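# fold the stuff below for me.
(2 chains)
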Amino acid sequence: MLKDHAKIIHAIAVSGEVIGRKKLQKMIYIAKKMNFPFQERFQFHFYGPYSEELTLRVEELCNMGFLNEVKEKKGGYCQYRYTLTEAGEEFLGVNSIEMPSLRDCLADINTQSARFLELVSTMLFFDDLPAEEVVEKVQTLKKSQRFTEEEIENAFKYIDSLRGMSRH
Amino acid sequence: MEYSAEKLHEEKVFKDPVHRYVHVRDRAIWDLIGTKEFQRLRRIKQLGTTYLTFHGAEHSRFNHSLGVYEIVRRIVDNVFAGRPEWHEEERLLSLCAALLHDLGHGPFSHSFEKVFDLDHESFTRMIILGDTEVNAVLTRVAEDFPKKVAEVIAKTYSDKLVVSLISSQIDADRMDYLQRDAFFTGVSYGHFDMERILRVMRPTDDQVVFKHSGMHAVEDYIMSRYQMYWQVYFHPVTRSSEVILTKILHRAKYLYEQNYSFKHKPHHFYSLFEENVTVEDYLKLDEAVFLYYFQIWQEEEDSILKDLSCRFLNRNLFKYVEFDPAKEYKKLARLSVLFEKAGIDPEYYLVVDSSSDLPYDFYRPGEEEERLPIHLLSKNGELRELSRESDIVDAISGKRRTDHKLYFPADFIEKGRGDSAITEIAALLEL
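Next comes the predicted model:
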């Protein structure tokens, strides 16, 4: 009924706190690519895969009082922190979600930096291409980020480890 | 002469109710229009089930795709040609991407993609890159040309100016569908001065910008879009028909998974149900095929599939009430229990549908809004973001409007009056 809302609340609940909109986007995208059943559709934008539907869902959940959004100024830009509210916990009680291995997967993703997740999600977006083309894509589309060879290699390894972790 | 530069002996024109004429001079464009994958778009309606609300809305994705091509053709040939920021070698690529941008849409795309977890953009890519007539035409231009076209459509192409022609907050795609949908639905919204907008467009390295003198035409476009979303695209009756369509597809999939014996085997759906659709299977799907199955499912043994199919074909749609998910989710859970009690499966007959639109947004540094703003070009060469210049646009910038409705079959509730569960349902729904 409101399952898609419940899935996002559940994802934030198991992550504890998510800092940054970009990070939240990448976390859900990566989880989706690991076959967790999130419904939001993603397209390629400035920072990599992005879902307008997810932005909307999160905004809605904040308006509903199920998620707490704290805006903080960070130098030249704003950052947002997301946590679950009591009302959100109550909502999850009525609309329970079964995704047992999501907790481990998201907890791990949440420890990574937004920059690294931007790289990982971009590489996953092109995961139907051969590895060397994926690297080429990163270098062309993410020129301004100047990802190093080492970062790209780490991202490949990280994707493999997530795949192992999320076999469910 | 190279195929990429080959022109038809005589220009071909398609009569068009929105742009008057669609002009084709490039051999490659003419050949693409003739491919079976492009011709399939004639059998996919642009607005899905909207024709059940606005009876004129029978136009197809074929019409729209030609329209987007024509707008991009006018931009690159009449406005950008000769300007130093425009790379003439991207002309054919822009035209092909415009023509093919919707190639992967399935029948009644919105509901179809939701039920089968498919993405038309990935099918567009697969059709362009796969063993298809479209691919054969594009490969004649150059070996890597199909890949480039697919990248422009997927917004991953390196030249962002080319991408922005068909994917931005003011692009050829939107300019065509707003006008075309307004024309075919017969509503008086959706009109704006496109000729003026095209005349004030200017290419830059990474996007199209607009001369400041054209600001009012751009404002008019933003307002048209705003009104079309709420008056046409999110019309509650259209949403009711989409809810039913979605539930038909869910039910058919469920029955297949339960080894239900269909009177007439739904062969066209097998690969969808089994989640292993190939491009070949996909291209066999169109709205005529779907409507054929809905027609025969009216005589199925399964009462839910039968009822939903009858409702869709005969336009006996669900009724709706306003719904606030934050305040009423417990009521929804209660209604779900009561529906079960009354013998009405809530999985198919009690549905929350949400619509939301953000008419225009500007980019906030460091945030993930990801919408490239519309920029106005002043006489001194300075770029100014639209909402900082226009009070009208500023008033709706960044403001999202969302609407939730709860859909249900009022006729079932009416028929069941007297039953205690139905009495409570009627009270909760204030019927």
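# what sits up against the top strand by length along chain B?
For chain B, the longest strand by residue count, based on DSSP state E, is strand B:7-16. With contact meaning CB atoms under 8 Å, 6 or more residues apart in numbering or on different chains, strand B:7-16 is reached by B:21-27, B:30, B:63, B:66-67, B:70. Backbone N, C-alpha and C define where each C-beta goes, glycine included.
# count of residues packed around residue 165?
No chain was given, so I picked chain A. Using other CB atoms under 10 Å in any protein chain shown, A:Met165 is surrounded by 15 other residues.
# looking at chain B here, not the other one
By other CB under 10 Å, the burial measure for B:Leu165, its neighbour count, is 27.
# can you tell me the element it falls in?
helix B:160-166 (DSSP states H and E).
# packing partners for the helix or strand that that helix is followed by?
Tracing the chain C-terminally past helix B:160-166 and defining elements by DSSP H and E, one meets helix B:172-185 next. Judged by 3 or more CB pairs under 8 Å, 6 or more residues apart in numbering or on different chains; DSSP states H and E, the packing partners of helix B:172-185 are helix B:61-74, helix B:160-166, helix B:194-200, helix B:215-228.
# in the second one, which residues are buried?
Neighbour-count burial for helix B:160-166, with 16 or more other CB atoms under 10 Å in any protein chain shown as criterion, is recorded at B:160-166.
# that helix: how far from the chain's middle?
19 Å (CA atoms, centre = their mean, to the nearest Å).
# all helices of the stretch 1-150 of chain B, in order?
B:27-33, B:36-39, B:61-74, B:91-100, B:109-116, B:120-129, B:133-141, B:145-154 (DSSP state H, counting those that start in this stretch).
# okay, those in a markdown table with mean neighbour count next?
A markdown table is the format used below for these (neighbours: other CB atoms under 10 Å in any protein chain shown):
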| stretch | mean neighbour count |
| --- | --- |
| helix B:27-33 | 21 |
| helix B:36-39 | 17 |
| helix B:61-74 | 24 |
| helix B:91-100 | 25 |
| helix B:109-116 | 19 |
| helix B:120-129 | 21 |
| helix B:133-141 | 20 |
| helix B:145-154 | 23 |
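# between those, which one is nearest to B:Ile244?
helix B:109-116 (9.0 Å; CB to CB).
# A:Lys142 contacts A:Thr122, correct?
Yes: contact criterion CB atoms under 8 Å: A:Lys142 and A:Thr122 qualify, at 6.2 Å.
# least trustworthy helix or strand in chain A by mean pLDDT?
Ranked by mean pLDDT, DSSP states H and E, the weakest helix or strand in chain A is strand A:43-45, scoring a mean of 84.
# partner strands of that one and their direction?
strand A:48-50 (antiparallel) (DSSP bridges).
# what's the first helix or strand after the partner strand?
Trace forward from strand A:48-50 with DSSP H and E and the next one is helix A:52-63.
# is the next helix-or-strand element following that following helix in proximity to chain B?
Downstream of helix A:52-63, the next assigned helix or strand under DSSP H and E is strand A:67-74. Yes: against chain B, strand A:67-74 shows contacts by CB under 8 Å from any CB of the partner chain at A:Lys74.
# for strand A:67-74, buried residues please.
A:67-68.
# so which elements touch it?
helix A:52-63, strand A:77-84.
# between helix A:52-63 and it, find me the angle.
100 degrees (axes from the mean of the first three to the mean of the last three CA atoms, to 10 degrees).
# what angle separates strand A:67-74 from strand A:77-84?
Using the same axes, to 10 degrees: strand A:67-74 against strand A:77-84 is 160 degrees.
# mind saving the C-alpha coords of strand A:67-74 as CSV?
Output of strand A:67-74 as CSV, limited to C-alpha atoms (Å, rounded to 0.1, in the frame of the first residue of the first chain):
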residue,chain,number,x,y,z
LEU,A,67,12.0,11.6,8.6
ASN,A,68,13.9,14.4,10.3
GLU,A,69,15.9,16.7,7.9
VAL,A,70,18.4,19.0,9.5
LYS,A,71,20.0,21.6,7.3
GLU,A,72,23.4,22.8,8.2
LYS,A,73,25.7,25.3,6.6
LYS,A,74,29.1,23.9,5.6
